[in-house]
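*Asks:* Build the 3D model from these lines:
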Amino acid sequence: MKLFDLHQDLMTHVRFGEQFGQSPQTSFESIKTSPIDLVVATAFPCPPQDNQYHDTVSSLITEELELYQNFLKENADWKLVEVGSDLLLDQQKILLHLEGLNVFDGSSAAWDQLDHWRQLGVRSIGTHWNVENKLGGGTLQPTVGLTDLGREMISYLEQNNLVFDLAHMSRQGFMDAATVTNRPLYVSHGNADALCQNVRNYTDDQLRLIAESNGVIGVFFANTFVVGKERVGNISDVVAHINYIRDLIGVQHVVIGTDLGGIISGGIVGLEHVDQLINLENALLTTDYSVEDVAAIFHKNALRVLRAHLT
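*Replies:* Below you'll find the model as predicted:
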């Protein structure tokens, strides 16, 4: 069954996975032979030195986007998603995503840079990655809300038909954004806080807001956010998060955003690599999920919300 994977740190993993001590999780070659029909692949603001996430000089975003473009030029069988209708094409697709606008300072030069990234193919933006920036609080500042610049950014994303990803925002920022945006709320990768308490996961109130907007949340495979740091999770633990979200807000709001390529603190046994995605499909089909349910989780729900953002 085809899968829309709403979050992979693909290029970062291809380039630096071994340096981060990561085992192989994903690659262009393995995606080609996997169930993945669409991969939302990040350009990640990963600077050469730790904790320099606001350094516009050292950010690798432009470099990574150019590498994606080079890959696409050399692989005509892949399609870059630029508008909503591209999602329907019967070929493997890549949607380019910026994970965190920590380097964005609101200056005219920064807006020009953002337009340049759009020209390089970006069609999805997550305004935050963990740390506070000029747009508001990140995951690690749960009570810090959106700034005026953050609200201006949401308006920019909507006016330019870009996907607005709420993953890694602070909880207060999420709540603020839910009152500002007119789009279905879209969280590319996040799990249920009720099953694994962590500020990176989503409370029942947040999940209900996603449902009220007809949005989606992508369950992901980082062990820390599936079962915590005290034990190693397995596929049944991922299914438990899917079950919980389905039971709370409905199967039509559950999608998959594996986070493969970006999992540095340990993955889920049986879901450590894109080659193993069939294991999740089998686990769902052997519980109480119908083929139609799995199709909804694997791609139809994501298609609905991505088209709403891109068109």
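
*Asks:* and residue 39, that one's in a strand?
*Replies:* Yes: using DSSP: H, G, I helix; E, B strand; the rest coil, the assignment for residue 39 is a strand.

*Asks:* That one - how many residues pack around it?
*Replies:* 29 (other Cβ atoms under 10 Å). To be clear about C-beta, it is placed using only N, CA and C from the backbone, and glycine gets the same treatment.

*Asks:* Just list what the lowest-mean-pLDDT helix or strand in the chain packs against, helices and strands only.
*Replies:* Least confident element among the helices and strands of the chain, by mean pLDDT, DSSP states H and E: helix 10-16 (a mean of 90). Secondary-structure packing of helix 10-16 (3 or more Cβ pairs under 8 Å, 6 or more residues apart in numbering; DSSP states H and E): helix 28-32, strand 36-43, helix 61-74.

*Asks:* Dump the ones you listed into a markdown table; add mean pLDDT and distance to residue 200 as well.
*Replies:* Putting the helices and strands packed on helix 10-16 into a markdown table (pLDDT from 0 to 100; distance: least, Cβ to Cβ, whole Å) gives the following:
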| stretch | mean pLDDT | distance to residue 200 |
| --- | --- | --- |
| helix 28-32 | 96 | 25 |
| strand 36-43 | 97 | 16 |
| helix 61-74 | 94 | 22 |
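
*Asks:* Apart from its neighbours in sequence, what residue is nearest residue 157?
*Replies:* Of all residues not flanking residue 157 in the chain, residue 164 sits nearest, at 4.5 Å (Cβ to Cβ, 6 or more residues apart in numbering).

*Asks:* Please give the element, helix or strand, for the one you found.
*Replies:* strand 163-165 (DSSP states H and E).

*Asks:* moving C-terminal of that strand, what's the next helix or strand?
*Replies:* Assigned by DSSP H and E, the successor of strand 163-165 is helix 171-180.

*Asks:* buried set for that following helix?
*Replies:* 171, 172, 173, 174, 175, 176, 177, 178, 180 (16 or more other Cβ atoms under 10 Å).

*Asks:* Kindly provide the distance from the second one to residue 231.
*Replies:* Taking Cβ to Cβ, to the nearest Å as the criterion, residue 172 is separated from residue 231 by 31 Å.

*Asks:* ok, now the last one?
*Replies:* Per Cβ to Cβ, residue 180 is found 39 Å from residue 231.

*Asks:* One more: residue 169?
*Replies:* Taken as Cβ to Cβ, the span from residue 169 to residue 231 is 28 Å.

*Asks:* the more surrounded of the two?
*Replies:* The residue with more neighbours, out of residue 169 and residue 231, is residue 169; 30 against 9, by other Cβ under 10 Å.

*Asks:* how about low-confidence regions in the protein?
*Replies:* 46-59 (pLDDT under 70).

*Asks:* Would you map the strands across it?
*Replies:* For the chain, the strands defined by DSSP state E cover 3-8, 36-43, 79-80, 93-99, 122-126, 163-165, 186-187, 216-219, 254-256.

*Asks:* got the contact list for the first one?
*Replies:* The set of residues that contact strand 3-8 without belonging to it, under Cβ atoms under 8 Å, 6 or more residues apart in numbering, is 26, 34-42, 97, 167, 188-189, 218, 220, 255-262, 274, 277, 298-299, 302-303, 306.

*Asks:* one step back: using PDB, write out the CA atom coordinates for the least confident helix or strand of the chain.
*Replies:* Coordinates of each C-alpha in helix 10-16 appear next as PDB, following Å, rounded to 0.1, in the frame of the first residue of the first chain:
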ATOM      1  CA  LEU A  10      16.600  12.700   4.200                       C
ATOM      2  CA  MET A  11      19.500  14.800   3.000                       C
ATOM      3  CA  THR A  12      20.900  15.400   6.500                       C
ATOM      4  CA  HIS A  13      20.900  11.700   7.100                       C
ATOM      5  CA  VAL A  14      22.500  10.900   3.700                       C
ATOM      6  CA  ARG A  15      25.200  13.500   4.400                       C
ATOM      7  CA  PHE A  16      25.800  13.300   8.100                       C
END
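
*Asks:* Return the set of buried residues in it.
*Replies:* Buried residues in helix 10-16 (16+ other Cβ under 10 Å): 10, 11, 12, 13, 14.

*Asks:* Near the closest residue in space to residue 66 that isn't next to it in sequence, how many other residues are there?
*Replies:* Nearest residue to residue 66, sequence neighbours excluded (Cβ to Cβ, 6+ apart): residue 120, at 6.7 Å. Residue crowding around residue 120 was assessed by other Cβ under 10 Å; the count is 15.

*Asks:* ok, residue 120 to residue 184 distance?
*Replies:* Between residue 120 and residue 184 the computed distance is 26 Å (Cβ to Cβ).

*Asks:* Just to check, residue 122 is in contact with residue 95?
*Replies:* No: Residue 122 lies out of contact with residue 95 (Cβ atoms under 8 Å); the separation is 9.1 Å.
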